[in-house]
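Colleague: starting from these lines, generate the structure:
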Amino acid sequence: MNRLTVALVPLLLAAGAVSAQAQDPHAGHTMPAASPRPQPATPAPDPHAGHQMPARPAAQDPHAGHVMPPAQTLPAADPHAGHRMPAEPQVADPHAGHDMSTMAPSEQPDPPAGHAMATRSPAQDPHAGHDMSTTTSGPPDVPTSADNPGRPPEDPVPTAALSGPAHAADLVFGAEAMAAARRTLMRENGDIRTTAVVIDRLESGFGDRDDSWLWDVQGWSGGDINRFGWKSEGEGDVDGGLEDAEFQALYSRAVTPFWDIQAGVRQDFRPDGEDTTHLVLGFQGLAPHWWEIDAAAFLSTNGDLTARVEAEYDQRITQRLILQPRLEIDLSASDIPELEIGSGLSSVEAGLRLRYEFRKEFAPYVGIEWSRSFGDTADHIEARGGDPEDTRFVVGLKAWF
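Modeller: From the prediction side, this is the model:
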């Protein structure tokens with residue numbers, strides 16, 4: 001037995017040496033922590049790749065019993081780390097500013113495939129994307145006044161030009177001779193004097209009352225600013241003769257291009273009553289929408305204050321056929337029993353006349369007129385057996401010369 005033991009000892013020692021060589025050469029060694037180093041993004045290559053390794057029994061694993069930390073894959077080192085790289089210019093979009101909406105499909109491959117295309121409106125605007133806010137049509141809006149900065153500069157008026165007389169010709173021909181020449185020039189070319197007579201209404205009326213007739217005429221003589229004007233109205237029955245008439249003599253002055261202020265006197269004539277004189281203050285002209293207005297207030301010598309407003313409008317149907325609405329309103333500040341006039345709104349007349357101008361100066365007409373008295377005026381008419389309301393058919397003539 002002792003001989004067998006002695007014989008096996010060398011064999012056991014040889015087997016231990018062979019086993020020690022097969023162990024991990026770094027076993028028992030303390031390895032310093034590996035410093036990070038650049039590694040590729042892919043796993044590190046196996047150093048034994050391509051070598052034919054002998055089969056190792058499972059029991060011979062050199063790492064058997066060792067706790068191995070999980071392998072970590074280090075990020076690949078950036079070859080440009082630490083380098084200052086210039087910013088890359090942005091690639092210009094070849095379709096910038098183009099409206100690429102609702103393009104028809106095509107069988108050919110689309111070169112801008114993959115681009116985000118904006119929605120296109122049905123009518124493609126060639127100026128889409130352009131700022132057109134300051135663009136105007138037509139010629140540029142450039143002022144044309146003499147002081148426009150775009151014009152050539154002008155020298156100021158010399159002081160000597162304003163130091164002489166108002167009319168330089170006075171220094172040559174004399175002030176008296178030039179004053180007479182200017183008066184002649186004004187009379188012949190500037191201050192033109194005209195005279196006109198306008199027959200606004202010359203008509204007969206037929207209705208429930210007695211047949212009637214009336215006139216409404218006015219005229220003037222003078223220039224464009226200052227005129228002498230006159231007006232006359234009257235009416236009567238065909239069977240009974242003249243009822244009343246009036247005549248006004250007026251000074252008329254233009255205060256605006258379309259309005260005249262008038263002042264003067266009015267004289268009334270009544271075959272069956274007392275004649276009355278009035279002071280007159282009024283205005284006459286063309287209102288907006290082409291209404292012809294004639295309004296006046298009258299103060300009689302008896303202290304009675306009355307007023308009248310007339311309005312007419314010419315509506316042309318053709319160049320010769322004209323329809324004219326007309327309205328007249330009478331008012332009084334007090335009762336005037338002798339004239340059958342009550343205070344307040346006395347009466348209203350509204351008419352519609354259709355005239356045909358054979359010439360501008362001669363135009364016959366036909367029409368209809370309605371009249372109505374109010375308040376105490378109506379009471380006075382009813383007290384004597386009259387009707388405060390009346391409608392009549394009229395035929396007349398409008399002319400001027």
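Colleague: give me the contacts around the host helix or strand of residue 378.
Modeller: Taking DSSP states H and E as the criterion, residue 378 maps to helix 375-383. For helix 375-383, contacts defined as CB atoms under 8 Å, 6 or more residues apart in numbering pick out 332, 335, 337, 340-347, 372-373, 387-388. No exception for glycine: its C-beta is placed from N, CA and C like everyone else's.
Colleague: can we see that at 6 Å?
Modeller: Under the criterion CB atoms under 6 Å, 6 or more residues apart in numbering, residues 335, 340, 341, 342, 344, 346, 373, 388 lie in contact with helix 375-383.
Colleague: list the buried ones in the helix or strand where residue 306 lies?
Modeller: For residue 306, the element it lies in under DSSP H and E is strand 305-313. Using 16 or more other CB atoms under 10 Å as the test for burial, strand 305-313 gives 306, 307, 308, 310, 312.
Colleague: dig out what the fourth one forms beta bridges with.
Modeller: Put plainly, it is residue 310. Bridge pairing for residue 310 (DSSP bridges) gives the partners residue 294, residue 328.
Colleague: isn't it up against residue 292?
Modeller: No: with contact defined as CB atoms under 6 Å, residue 310 does not reach residue 292; the gap is 8.2 Å.
Colleague: next secondary structure after the helix or strand containing residue 180?
Modeller: Per DSSP H and E, residue 180 falls inside helix 175-185. Proceeding N to C from helix 175-185, the next assigned helix or strand is strand 194-207, under DSSP H and E.
Colleague: show me what the following helix or strand past that next one is packed up against.
Modeller: Once strand 194-207 ends, the next helix or strand along the chain (criterion: DSSP H and E) is strand 212-222. On a contact count with 3 or more CB pairs under 6 Å, 6 or more residues apart in numbering; DSSP states H and E, strand 212-222 meets strand 194-207, strand 226-237.
Colleague: just the C-alpha atoms of strand 212-222, please, in CSV.
Modeller: Extracted C-alpha coordinates of strand 212-222, given in CSV (Å, rounded to 0.1, in the frame of the first residue of the first chain):
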residue,chain,number,x,y,z
SER,A,212,-111.1,129.6,-60.7
TRP,A,213,-108.1,131.2,-62.3
LEU,A,214,-104.8,132.4,-60.9
TRP,A,215,-101.4,133.8,-61.7
ASP,A,216,-98.0,133.4,-60.0
VAL,A,217,-95.3,135.5,-61.6
GLN,A,218,-91.9,136.8,-60.6
GLY,A,219,-88.9,138.6,-62.2
TRP,A,220,-85.7,140.4,-61.5
SER,A,221,-83.2,142.9,-62.9
GLY,A,222,-79.5,143.2,-61.9
